[in-house]
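Asker: Sequence plus predicted model, see below.
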There are 4 protein chains.
Amino acid sequence: MQTLATGCDDYEGHRPDPRTIGPMPKSRTEAFSDGVFAIAITLLIIEVRVPSSRAGDLAGDLAHQWPSYAAYVVSFAIIGVIWVNHHDIFERITTVDRPLLFLNLLLLLTVAFLPFPTALLGEYIRKGDNAHVAAAVYGANMALIGLAFIAMWTYLVRTPSLLAAEVGAEGARRARRAAAIGPVLYGLSIPLAFVSPVACLVVYAALALYFGIAFTVSARDDELTGTH
Amino acid sequence: MQTLATGCDDYEGHRPDPRTIGPMPKSRTEAFSDGVFAIAITLLIIEVRVPSSRAGDLAGDLAHQWPSYAAYVVSFAIIGVIWVNHHDIFERITTVDRPLLFLNLLLLLTVAFLPFPTALLGEYIRKGDNAHVAAAVYGANMALIGLAFIAMWTYLVRTPSLLAAEVGAEGARRARRAAAIGPVLYGLSIPLAFVSPVACLVVYAALALYFGIAFTVSARDDELTGTH
Amino acid sequence: MQTLATGCDDYEGHRPDPRTIGPMPKSRTEAFSDGVFAIAITLLIIEVRVPSSRAGDLAGDLAHQWPSYAAYVVSFAIIGVIWVNHHDIFERITTVDRPLLFLNLLLLLTVAFLPFPTALLGEYIRKGDNAHVAAAVYGANMALIGLAFIAMWTYLVRTPSLLAAEVGAEGARRARRAAAIGPVLYGLSIPLAFVSPVACLVVYAALALYFGIAFTVSARDDELTGTH
Amino acid sequence: MQTLATGCDDYEGHRPDPRTIGPMPKSRTEAFSDGVFAIAITLLIIEVRVPSSRAGDLAGDLAHQWPSYAAYVVSFAIIGVIWVNHHDIFERITTVDRPLLFLNLLLLLTVAFLPFPTALLGEYIRKGDNAHVAAAVYGANMALIGLAFIAMWTYLVRTPSLLAAEVGAEGARRARRAAAIGPVLYGLSIPLAFVSPVACLVVYAALALYFGIAFTVSARDDELTGTH
């Protein structure tokens, strides 16, 4: 009965939801996070610079800065997949308490940072030297994003009261395992950066695809096993 | 009955909607897309630069950079129309599955890129040389946006289960035909870029108007034929 | 009865609202417009530049660029008031048709442009010369915003079917009269720009206050006369 | 009964809520404010610049600009906590009248300004000189944010009709006391800026943590005393 009116009461607020310990309802946290993802993903383009070309040089100069476009596409895909996976978390919980709220802000902090290594990578692969450092910074940022995801899942494993009944600590543990591969692989990409920065870009693109597909499969599993 | 409370359950989430196969409800996808459109459209202005003018020169310098204002207006109109047409898609479907979600991200990727060729076009029409390359890049970006729209409609034609009952595969096929003219015309504009970049700007503005009006008419048709 | 579920059906979409001729529900238009206002108002700060100061000079250099802070505050207040007045329009209508949708995009186009003359005004009042041109451009932008508001109200006067029953064409006519003072005063400010650009800034701030208060009073009137 | 459908009627609007004196419903004000917070927090990264490094210098140059990363993290944490505390206000009120609307815009104006002193602090701690001025400006901005919060609470203390019944003027007075410590501490940080700008950064981070925890405790108190 009482759920009838809860559609948006985050943004209504005069009927505080007794399930939210601390003042932030889950839906408002999710809307705020979506806003940060949408802005970060759209800001990526302002790091792609208009070259100052002399007559006849523009086509060549534009072609020459292909790493900026590649970095744009890879980071766009990555933030898109993060957005989808972030939603997966919020679909599995019923309540956001203060610690989870701050862990979520920590995740947003690492995601909103990504436009910086994206610009770095585009600039220095183009320049040729220093590219390995740029790729290593990018990989480190990605590893931090992965760690923030794991921190959220770990907290949820230990605080199952926040989880939807049909998920439970076991479901959170399973999700944490699926997420754990991220920091490991991104961490491993850091030494690769010193061999071939371009290979790193390819690996980051591949990992974005993997996480996009892996969670799709895990969502299907949930349905097949009837836990969803 | 159960639809009574679903107004915003995207952002509530504790009552997962059984119609969404995979974890992303349609409404949240639409809100995220709207966020990207709103940011991309508002970011256009930061590519219009404050000139460094000497005493008495500002009026002339501002007049001289008219292509930047023209490019701002054309891209603003284009993203505005894209926003409207994107909504048309989402009004005709009931469910977002994973492939559609990623096709939608692909569309957003191409739309969020538009501020870059917009800046390019404003800059190089002003400079006089290289403008044909800038116009061709702009046309290519627009053609990619059109292709992303067609990819979404094609997927919907093949996956009619995602469509609202009153639309059906036939309605999706009709919408795809209406959308198909975009990449064709934008593709044709690329050779025009090498004749007259300014003419391209005019064509892009005209196409924005066309798509704004065409879909209005098609929406009217739907009503007349009672399919809406 | 059927209103029970309409809370957010803009972002649900599977139950198209028969009142919306054409595909865009009022609520989604309003949310998109709010997004553009929120982005434009927050982007203003990136036009305030970090000065390159030598040791001991930063305090003086920061003080010297006071016009940028003043322009930030005035434009922030203006967009804030526009946001409030825009909501007033949407509270008085029940439906958005295609022409109104495009008039609304026209308004957003003029509002999203404002960060440019804001940066111009801050920069050139600081520099001392050319400031009158910058102030005139700012005034012209404001006059265009005012004209876009009048265009919306004029369309509503002629299309009373979009208005809430308790408003009617007469209410729209009254609102248009209140709005009409804007372009007149902003137009008059353009010659003032050539006398004193700083005086223009003061006038723009005063007008923002006026529109904030005027509509408050008009809202009160509505209540007193029981039409609200 | 009538609250059943009010979940999102802010963005529906055809059923104006009789509780909102003046035209702006609380929920739309909150959504707009959230948008500004999300944009301001995500814009912080564009002030972190890609260094122009020669071959082999990038790692050192990136390490050298650590103050920009530190300023990014601190400001991100601060805006995050402001977002949470802002929600606390809106959970305690039922209505937004015009004066509160404009006090809220005043708060947003001071928060949206923060990316500027953040960039200033990152730049000048790195450069070594002028850093005390940058830190003082940052502290002054924070003090203004605190004063804007106090202005809102003071208005609510004097206008208890806007407050939820279970909060009352006494609850608003208590919240104002908790908020009052902000401007005092931030004001005191201004002289500290002239001793050690880096110490200021540490203090700002500590204060963000304090306000995050303090309000969590106060939310718990509310629950313990049953006023929530």
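Answerer: Thanks, I have the structure now.
Asker: From the centroid of chain A, which residue is nearest?
Answerer: residue A:82 (2.9 Å; CA atoms, centre = their mean).
Asker: Can you say which helix or strand has that residue in it?
Answerer: Using DSSP states H and E, residue A:82 maps to helix A:66-92.
Asker: Please name the residues that touch the residue nearest to the centre of chain A.
Answerer: A:37, A:111, A:145 (CB atoms under 8 Å, 6 or more residues apart in numbering or on different chains). Quick note: C-beta positions are derived from backbone N, CA and C, even for glycine.
Asker: Closest one to residue D:101 out of the residues you listed, please.
Answerer: residue A:37 (28.2 Å; CB to CB).
Asker: The closest one - how many residues pack around it?
Answerer: Using other CB atoms under 10 Å in any protein chain shown, residue A:37 is surrounded by 25 other residues.
Asker: can you pull the contacts of it?
Answerer: Neighbour list for residue A:37: A:79, A:82-83, A:86, A:111, B:32 [criterion: CB under 8 Å, 6+ apart].
Asker: For residue B:145, see how far away it is.
Answerer: Using CB to CB, to the nearest Å, residue A:37 is found at 21 Å from residue B:145.
Asker: Distance from stretch A:113-130 to the middle of the chain?
Answerer: 19 Å (CA atoms, centre = their mean, to the nearest Å).
Asker: Briefly note if it comes near chain C.
Answerer: No. Residues of stretch A:113-130 are not located near chain C by CB under 8 Å from any CB of the partner chain, the shortest gap being 13.6 Å.
Asker: thinking again about what came up before, closest to chain C among the contacts of residue A:82?
Answerer: Each of these was scored against chain C by CB to the nearest CB, and residue A:37 proved nearest at 14.0 Å.
Asker: Now the closest one: which helix or strand?
Answerer: Assessed by DSSP H and E, residue A:37 sits inside helix A:26-43.
Asker: Please enumerate residues in contact with the very next helix or strand once past that helix?
Answerer: The helix or strand immediately downstream of helix A:26-43 is helix A:58-64, counting by DSSP H and E. When contacts are defined by CB under 8 Å, 6+ apart, helix A:58-64 is touched by residues A:51, A:53, A:126, B:124, B:130, B:133-134, B:137.
Asker: what do you get for stretch A:200-216?
Answerer: Here stretch A:200-216 has contacts from A:67, A:70-71, A:73-74, A:77-78, A:80-81, A:84-85, A:88, A:121, A:125, A:135, A:138-139, A:142, A:178, A:182, A:185-186, A:189, A:192-193, B:22-23, B:98, B:102, using CB under 8 Å, 6+ apart.
Asker: Next, the angle from the helix holding residue A:37 to helix D:26-43.
Answerer: Interaxial angle, helix A:26-43 versus helix D:26-43 (axes from the mean of the first three to the mean of the last three CA atoms, to 10 degrees): 40 degrees.
Asker: Kindly export helix A:26-43 (C-alpha atoms) in CSV.
Answerer: The C-alpha trace of helix A:26-43 is given here as CSV (Å, rounded to 0.1, in the frame of the first residue of the first chain):
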residue,chain,number,x,y,z
LYS,A,26,18.6,5.5,-2.6
SER,A,27,16.8,7.0,-5.5
ARG,A,28,18.3,10.5,-5.0
THR,A,29,21.8,9.0,-4.7
GLU,A,30,21.3,7.1,-7.9
ALA,A,31,20.0,10.2,-9.7
PHE,A,32,23.0,12.2,-8.5
SER,A,33,25.4,9.5,-9.6
ASP,A,34,23.8,9.3,-13.0
GLY,A,35,24.2,13.1,-13.3
VAL,A,36,28.0,12.7,-12.5
PHE,A,37,28.3,9.9,-15.1
ALA,A,38,26.5,11.8,-17.8
ILE,A,39,28.6,14.9,-17.2
ALA,A,40,31.9,13.1,-17.1
ILE,A,41,31.1,11.1,-20.3
THR,A,42,30.1,14.3,-22.1
LEU,A,43,33.0,16.4,-20.9
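Asker: That one: how far from the chain's middle?
Answerer: For helix A:26-43, the distance to the chain centre is 11 Å (CA atoms, centre = their mean).
Asker: residues of the next helix or strand after the helix holding residue A:82 that come out buried?
Answerer: Toward the C-terminus, helix A:66-92 is succeeded by helix A:98-113 as the next helix or strand (DSSP H and E). Residues of helix A:98-113 classed as buried by neighbour count (16 or more other CB atoms under 10 Å in any protein chain shown): A:98-113.
Asker: Which secondary structure elements does the helix or strand following helix A:98-113 sit against?
Answerer: Downstream of helix A:98-113, the first helix or strand assigned by DSSP H and E is helix A:115-127. Helix A:115-127 sits against helix A:66-92, helix A:131-158, helix A:197-224, with contacts defined as 3 or more CB pairs under 8 Å, 6 or more residues apart in numbering or on different chains; DSSP states H and E.
Asker: and the shortest one, how far out from the chain's middle?
Answerer: Between the mean C-alpha location of helix A:66-92 and the chain-wide mean there is a distance of 6 Å, by CA atoms, centre = their mean.
Asker: cool, and stretch A:102-110?
Answerer: 10 Å.
Asker: Residue A:89 reaches residue A:152, doesn't it?
Answerer: Yes. The criterion here is CB atoms under 8 Å, and residue A:89 meets it with residue A:152 at 6.2 Å.
Asker: Low-confidence ranges, chain A, go.
Answerer: Low-confidence segments of chain A, defined by pLDDT under 70: A:1-24, A:214-228.
Asker: again, only this time at 50
Answerer: Counting by pLDDT under 50, chain A contains low-confidence residues at A:1-23, A:219-228.
Asker: measure the residue in chain A sticking out farthest from the centre to residue D:26 for me?
Answerer: Farthest-out residue of chain A from its mean C-alpha position, per CA atoms, centre = their mean: residue A:55, at 41.2 Å. Residue A:55 sits at a distance of 58 Å from residue D:26 (criterion: CB to CB).
Asker: again, but for residue A:65
Answerer: Where residue D:26 is concerned, residue A:65 sits at a distance of 47 Å (CB to CB).
Asker: Looking at the two, which has the bigger crowd around it?
Answerer: Neighbour count, other CB under 10 Å: between residue A:65 and residue D:26, residue D:26 has more, with 23 against 17.
Asker: Find the nearest non-adjacent residue to the more buried one, please.
Answerer: residue D:96 (4.7 Å; CB to CB, 6 or more residues apart in numbering or on different chains).
Asker: What about that neighbour, how many residues nearby?
Answerer: Using other CB under 10 Å, the number of residues around residue D:96 comes to 24.
Asker: With adjacent residues omitted, what lies nearest to the residue farthest from the centre of chain A?
Answerer: Spatial nearest neighbour of residue A:55, chain neighbours left out: residue B:129 (3.8 Å); criterion: CB to CB, 6+ apart.
Asker: which residues touch that neighbour?
Answerer: Neighbours of residue B:129 in contact, by CB under 8 Å, 6+ apart: A:54-56.
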